[in-house]
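just coords:
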């Protein structure tokens, strides 16, 4: 007997060349046909999120059944002097995507950041806790959340933090390179957060999108903001120690304070996110950050 044929959904992945986007190309594949877009070459379509016509043309030409927006302006320190371009990509573009999708009811998954919070509390932040970004990057990402939600689109926003992986520019790869180049490194110890493996984030995204596409959840009820990070918490210094311990290298690590490592953009001192809501709504249990780090390192080694 021949199985009945069903229409394979077209999944538009924006930012497909980034470290999360690269993982999403693989984790989204079982859900349907993945159509990739980026400002760079190497994707099905080119799009400039700073250009409103480029964004609207992309939606018209691809006619997606779902959208995952993994593109963002992520240069946290440069954003302090490049506010206009950061606003266009992080704030204007999500609002425009929402406006283009709202009438069709097409779901969109978008990513935000722990930097929407001030970092002045000692318990993990819940989705409805007061925000208070300390820098331009965090402010533009928060505005992007607000505009996307205000558009009325079926949007699920995943706030994440401290992303690392086998590709791109991230703390893990930087540490591994510097361990081989230096005998001693000074690492900030008074900033606490939750390292998040890019592949784990991509897998969670695919699970969430599957539930939205299958329709076993009321999209009107579940749309909104969710936190998705590695479980547990650590400091940048202790994260570096965990990476170093896996390598057997001899680099000496010295803990320092944020004031000893000044940067143009201020960072929250405590940016741990509470992942309870994603579990209660979608049944997704986030693994401890140490477990994810071990899996990522196995792949690199």
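Now that the structure is in, tell me what you want to look at. If you're wondering where the values come from, they're calculated on a predicted model, not measured in any experiment.

for the rest of this, base every contact and every neighbour count on C-alpha atoms.
Noted.

can you tell me how far the closest residue in space to residue 9 that isn't next to it in sequence sits from residue 298?
Take residue 9 and drop its neighbours on the chain: the residue closest to it by CA to CA, 6 or more residues apart in numbering is residue 32, 4.9 Å away. Residue 32 sits 29 Å away from residue 298, taking CA to CA, to the nearest Å as the criterion.

looking at these two, which one has more neighbours?
Between residue 32 and residue 298, counted using other CA atoms under 10 Å, residue 32 has the larger neighbour count: 15 against 10.

tell me who's in contact with that one.
8, 9, 10, 11 (CA atoms under 8 Å, 6 or more residues apart in numbering).

was I right to think the last one contacts residue 62?
No - with contacts counted by CA atoms under 8 Å, residue 11 stays clear of residue 62, the gap being 9.1 Å.

overlap in contacts of those two?
Common contacts of residue 11 and residue 62, defined by CA under 8 Å, 6+ apart, comprise residue 35.

neighbour count winner among the two?
Remark: of residue 11 and residue 62, residue 11 carries more neighbours, 24 against 16, as counted by other CA under 10 Å.

residue contacts, the more buried one?
Residue 11 neighbours (CA under 8 Å, 6+ apart): 28, 32, 33, 34, 35, 64, 65, 66, 67, 68.

now the two most distant members of the contacts of residue 32.
Distance extremes for those: the farthest pair is 8 and 11 at 9.2 Å, using CA to CA.

give me the common contacts of those two.
Common neighbours of residue 8 and residue 11 (CA under 8 Å, 6+ apart) are 32, 33.

which stretches in the stretch 51-200 of the chain count as helices?
Using DSSP state H, counting those that start in this stretch, the helices of the stretch 51-200 of the chain run over 52-62, 83-87, 93-101, 136-150, 171-181, 198-214.

avg pLDDT for the first one?
What that stands for is helix 52-62. For helix 52-62, mean pLDDT is 94.

any idea of the angle that helix forms with helix 93-101?
With axes from the mean of the first three to the mean of the last three CA atoms, to 10 degrees defining the directions, helix 52-62 sits at 40 degrees from helix 93-101.

what's the answer for the last one, then?
Between the axis of helix 198-214 and that of helix 93-101 there is an angle of 20 degrees, by the same axes, to 10 degrees.

now do the buried residues in helix 198-214.
Within helix 198-214, the residues scored as buried using 16 or more other CA atoms under 10 Å are 198-210, 212-213.

same question, the second one
Neighbour counts using 16+ other CA under 10 Å place 85, 86, 87 of helix 83-87 among the buried residues.

would you mind measuring from the last one to residue 130?
Spelled out, it's residue 87. 21 Å.

kindly report the same for residue 11.
Distance from residue 11 to residue 130, by CA to CA: 33 Å.

of the contacts of residue 32 - the most surrounded one?
In terms of neighbours by other CA under 10 Å, the contacts of residue 32 top out with residue 11 at 24 neighbours.

tell me the pLDDT of residue 246.
71.

just for the chain, where's the confidence low?
1-6, 247-248 (pLDDT under 70).

now with 90?
Within the chain, the ranges that satisfy pLDDT under 90 run 1-8, 40-42, 167-169, 180-181, 214-220, 245-251, 261-262, 299-301.

residue 277 against residue 228, yeah?
No - look at residue 277 against residue 228 with CA under 8 Å: they stay out of range, at 9.2 Å.

what does stretch 70-77 contact?
13-16, 18, 20-21, 38, 85-86, 89-90, 110-111, 135-137, 263-265.

meant to ask about stretch 226-237
Residues from elsewhere that reach stretch 226-237, judged by CA under 8 Å, 6+ apart: 126-127, 156-161, 187-197, 201, 253-255, 272-275, 277-278, 286-289, 292.

how about the strands in the stretch 201-301 of the chain?
224-227, 234-235, 252-256 (DSSP state E, counting those that start in this stretch).

which of the ones you listed has the highest mean neighbour count?
strand 224-227 (a mean of 22; mean count of other CA atoms under 10 Å).

note down every partner strand of it and its orientation.
Here strand 224-227 is paired, per DSSP bridges, with strand 154-160 (parallel).
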